[in-house]
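**Student:** 3D model of this:
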Amino acid sequence: MGIENADGREFLVVVNNEEQYSVWFADRDLPLGWRAEGKTGTRQECLDHITAVWTDMRPRSVREHLAANG
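**Tutor:** The predicted structure follows:
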């Protein structure tokens, strides 16, 4: 079953150390390098949450480099 055909399944929002977001099946182990962000729900609810909170899509390391070096 693909992620698009996951009606009725619960998802969670995950984030990596570069502060990049994704959705993941709530009943599966998290992939290496990712942690649960705290939001769970349908796939669309999780995607809507990501849209609201991930306003700067640049990786954290890029943002920090640009802030330090103007």
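**Student:** going forward, measure contacts between C-alpha atoms and count neighbours the same way
**Tutor:** Fine.
**Student:** how about the strands in the protein?
**Tutor:** 11-16, 21-25, 34-41 (DSSP state E).
**Student:** what about dumping the CA coordinates of the second one to CSV?
**Tutor:** This points to strand 21-25. Extracted in CSV, the C-alpha atoms of strand 21-25 (Å, rounded to 0.1, in the frame of the first residue of the first chain):
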residue,chain,number,x,y,z
TYR,A,21,9.8,18.1,7.7
SER,A,22,8.0,15.0,6.4
VAL,A,23,5.0,12.7,7.2
TRP,A,24,5.5,9.1,8.4
PHE,A,25,3.2,6.2,9.2
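**Student:** Could you list every helix and strand in contact with it?
**Tutor:** When contacts are defined as 3 or more C-alpha pairs under 8 Å, 6 or more residues apart in numbering; DSSP states H and E, strand 21-25 sits against strand 11-16, helix 43-53.
**Student:** what about 6 Å?
**Tutor:** Judged by 3 or more C-alpha pairs under 6 Å, 6 or more residues apart in numbering; DSSP states H and E, the packing partners of strand 21-25 are strand 11-16.
**Student:** With adjacent residues omitted, what lies nearest to Met57?
**Tutor:** Closest residue to Met57 apart from its sequence neighbours, by C-alpha to C-alpha, 6 or more residues apart in numbering: Gln20 at 7.1 Å.
**Student:** sorry, back to before: so which of the strands of the chain is nearest Arg60?
**Tutor:** strand 11-16 (9.8 Å; C-alpha to C-alpha).
**Student:** List the buried residues of the closest one.
**Tutor:** By neighbour count with 16 or more other C-alpha atoms under 10 Å, strand 11-16 contains the buried residues Phe11, Leu12, Val13, Val14, Val15, Asn16.
**Student:** Turn those into TSV, columns for pLDDT and distance to Ala67.
**Tutor:** Converted to TSV, those look like this (pLDDT from 0 to 100; distance: C-alpha to C-alpha, whole Å):
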residue	pLDDT	distance to Ala67
Phe11	98	34
Leu12	97	31
Val13	98	27
Val14	98	25
Val15	98	21
Asn16	97	20
